[in-house]
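Chemist: Need a 3D model of the following:
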Amino acid sequence: MHKYIDSVRAFRQRATANPDELGPLANGQSPDALFITCSDSRVIPSLITGSRPGELFELRTAGNIVPERLPGKPSSEAATIEYAVQVLGVSDIVVCGHSHCGAVGAMVRGDDLSAVPAVRDWLDTTPAPACKAPDAPDLADAVQDHLLRQLERLRDYPFVARGLADGKLNLHGWFYEVHTGTVFAHRAHDDSFLPL
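Modeler: Model (predicted):
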């Protein structure tokens, strides 16, 4: 924990020395995109995208799961998506899955998650992805199938559907390789993933 505390102190010193860098953030935020990704510690959205504070609105969930839209059932994830689109007016939403994903691996393998019931129940909210190579350590095809299913779920949110229909919102599916740093983007016209 000491290394984090030291970094927090160093960050504060840098911020104090250069008030023009963070000071304007007190006036509000206007991010360009909502970045939905896994809670996995190997996935760092600002590192991957090179974004600065205030530029990227983030939603991190176990397995980058977008919950099914259930009116009348509050969800932090749904509230974050709604706020990003309706209030902040983001023009892009990225769903970014990653290689070696424990959540997707557990779904594909049908792991016994009875010792972690909250994780089990969360993963049960989405169908297990299709997987051609369940023994592949990177689980690339399963993660890619899974993230495309999450994009479909986003399309079920009425405000997302309106934004797409009006041309004010774009959806993107990305697959991040944690061991290479390569990001592959889904191309809808030929259903393929190619490096950015």
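Chemist: So residue 32 sits against residue 91, correct?
Modeler: Yes. Residue 32 is within contact range of residue 91, at 6.3 Å (criterion: Cβ atoms under 8 Å). Where C-beta positions appear, they are placed from N, C-alpha and C, glycine not excepted.
Chemist: residue boundaries of the strands in this protein?
Modeler: For the chain, the strands defined by DSSP state E occupy 33-38, 56-61, 92-98, 170-176, 183-187, 192-195.
Chemist: mean confidence for the second one?
Modeler: When you say that, I think you mean strand 56-61. Strand 56-61 shows a mean pLDDT of 98.
Chemist: That strand - contacts with which helices or strands?
Modeler: When contacts are defined as 3 or more Cβ pairs under 8 Å, 6 or more residues apart in numbering; DSSP states H and E, strand 56-61 sits against strand 33-38, helix 45-49, helix 76-82.
Chemist: What of the third one?
Modeler: Secondary structure elements in contact with strand 92-98, counted by 3+ Cβ pairs under 8 Å, 6+ apart, are strand 33-38, helix 140-155, strand 170-176.
Chemist: which secondary structure elements does the second one contact?
Modeler: Under the contact criterion of 3+ Cβ pairs under 8 Å, 6+ apart, the helices and strands touching helix 140-155 comprise strand 92-98, helix 102-109, helix 158-165, strand 170-176, strand 183-187.
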